[in-house]
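S.K.: Mind looking at a prediction? Sequence and model below.
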Amino acid sequence: MLIPTLNLNYSLLIQTLVGAFVILVVLIKFFNRGTYAKFAKMDRKTVIITGGNGGIGKETAKEIARRGARVILACRNLETAKKARDEIVEQTNNQDVVVKKLDLSSQKSIREFAEDILKTEAKLDVLLHNAGMATDKIQMTEDNLELTMATNHFGPFLLTHLLIDLLKKSAPSRIVVVASELYRLVSLNLDNINPTRSWFVPRLYYVSKYANICFTKELARRLDDTGVTANCVHPGLINTGIWDSAPACCRWAVRLVVKGFFKTPVEGAQTSIYVACSEEVEGVTGKYFANCKEKGVSRGADDEEKAKKLWELSEGLVNLRPTDPKI
């Protein structure tokens, strides 16, 4: 009995795969760019940047300090934050850069930070929610919240509430939330917004970014006519340590792609800087930006009812008090 054989041209196959890979890289580079070249001054402005001790947060802080603002680095790790502060001061000659302790996974830490800000700062022009984290295993915080969702969504949600009166007092002021296009890879399950298990834990980062967009859009609606704007940004695919949370089986491949083809932190900071500083964005609210341009979101992320429900659930999970400011 004759068995048919396949006459494969392995050389052609390899060339095709390499060619497809090169095209993919070119597309990533083309659609993953955008620079804010204008030098909008930030003199006499006060800006809080969460997670400003590394990655795009530090580069954002550095550029905003260069433009003359008082910059508050709100960070969990004070040691690295102080090093970042020294680097920013040295490179910008702006001495008005301060470090304050903030752990967004802890409601106690958030309340202590907000209390300190309200006592020491006369105004707040920009609140930039930059800090984010991802993990490869389920971890619950002291407030019984899943760690990724607590840090990336519930923490910013609570902090915004606690500082909203100062932002209103300082109007026109801005709230900027760093989200991610990776939200498009998941859905937002409002029946399980605080998961205790997941079939693939790193996806919770994507879920938290979906929540960031819904939160920002609902926040903008609630702040209409207050002089406080709220927008979110996609920084691009960035070469930062957050990709270390990739599963161990493919981590080496992820690192290879990230190091070779993703944006640098400086490039990744551009859209955050643009939305925080640009005169073009003055008065613009409830929008999503990528590569320093406004971009549309998915139908689900633009669903007002979904955003309102997320807001209500979040209010309960962050334990808002009767004495807390209302939005």
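M.R.: Arrived safely, thanks for sending.

S.K.: ok, which stretches of this protein are strands?
M.R.: Assigned by DSSP state E, the strands in the chain fall at 46-50, 70-75, 97-101, 126-129, 173-178, 228-234, 288-290, 293-295.

S.K.: any chance of those in CSV, with mean neighbour count too?
M.R.: C-beta coordinates here come from the backbone N, C-alpha and C atoms, glycine included. Converted to CSV, the strands of the chain look like this (neighbours: other C-beta atoms under 10 Å):
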stretch, mean neighbour count
strand 46-50, 26
strand 70-75, 27
strand 97-101, 17
strand 126-129, 28
strand 173-178, 27
strand 228-234, 26
strand 288-290, 22
strand 293-295, 12
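
S.K.: nearest to residue 38, of those strands?
M.R.: Evaluated over those, closeness to residue 38 peaks at strand 293-295, with 13.9 Å, by C-beta to C-beta.

S.K.: quick one: the closest one to chain centroid distance?
M.R.: Mean C-alpha position of strand 293-295 versus that of the full chain (C-alpha atoms, centre = their mean, to the nearest Å) differs by 16 Å.

S.K.: Partner strands of it and their direction?
M.R.: The strands that strand 293-295 pairs with in its sheet are strand 288-290 (antiparallel) (by DSSP bridges).

S.K.: now the partner strand, how far from the chain's geometric center?
M.R.: That offset, for strand 288-290, works out to 12 Å (C-alpha atoms, centre = their mean).

S.K.: So what touches it?
M.R.: By C-beta atoms under 8 Å, 6 or more residues apart in numbering, the surrounding residues in contact with strand 288-290 are 34, 179, 181, 213, 216, 231-234, 236, 271, 274-275, 294-297, 301.

S.K.: same check, this time on stretch 160-175
M.R.: 46, 48, 110-111, 114, 117-118, 121, 123-129, 216, 219, 226-231, 275-276, 281-283, 318, 320, 324-327.

S.K.: Now, these that are in helices?
M.R.: Within the contacts of stretch 160-175, residues falling in helices by DSSP state H are 110-111, 114, 117-118, 216, 219, 275-276.

S.K.: and the two most separated of those residues?
M.R.: 111 and 275 (26.9 Å).

S.K.: More neighbours: which of the two?
M.R.: A count of neighbours by other C-beta atoms under 10 Å puts residue 275 above the other of residue 111 and residue 275, at 28 against 16.

S.K.: Would you agree that one is in contact with residue 176?
M.R.: Yes - the criterion here is C-beta atoms under 8 Å, and residue 275 meets it with residue 176 at 5.0 Å.

S.K.: okay, and the common contacts of these two?
M.R.: With C-beta under 8 Å, 6+ apart as the test, residue 275 and residue 176 both reach 231, 233.

S.K.: From residue 289, how far out is the residue nearest the centre of the chain?
M.R.: In the chain, the residue lying closest to the centroid (C-alpha atoms, centre = their mean) is residue 178, at 2.5 Å. Residue 178 sits at a distance of 10 Å from residue 289 (criterion: C-beta to C-beta, to the nearest Å).

S.K.: can you list residues touching both of these two?
M.R.: 232-233.

S.K.: who's in contact with residue 210?
M.R.: Here residue 210 is in contact with 183, 186-188, 300-301 (C-beta under 8 Å, 6+ apart).

S.K.: before we move on, back to that, columns distance to residue 161 and mean pLDDT on top of the strands of the chain, output as JSON lines?
M.R.: Output for those, formatted as JSON lines (distance: least, C-beta to C-beta, whole Å; pLDDT from 0 to 100):
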{"stretch": "strand 46-50", "distance to residue 161": "14", "mean pLDDT": "98"}
{"stretch": "strand 70-75", "distance to residue 161": "15", "mean pLDDT": "98"}
{"stretch": "strand 97-101", "distance to residue 161": "18", "mean pLDDT": "98"}
{"stretch": "strand 126-129", "distance to residue 161": "11", "mean pLDDT": "98"}
{"stretch": "strand 173-178", "distance to residue 161": "11", "mean pLDDT": "98"}
{"stretch": "strand 228-234", "distance to residue 161": "13", "mean pLDDT": "98"}
{"stretch": "strand 288-290", "distance to residue 161": "22", "mean pLDDT": "97"}
{"stretch": "strand 293-295", "distance to residue 161": "26", "mean pLDDT": "96"}
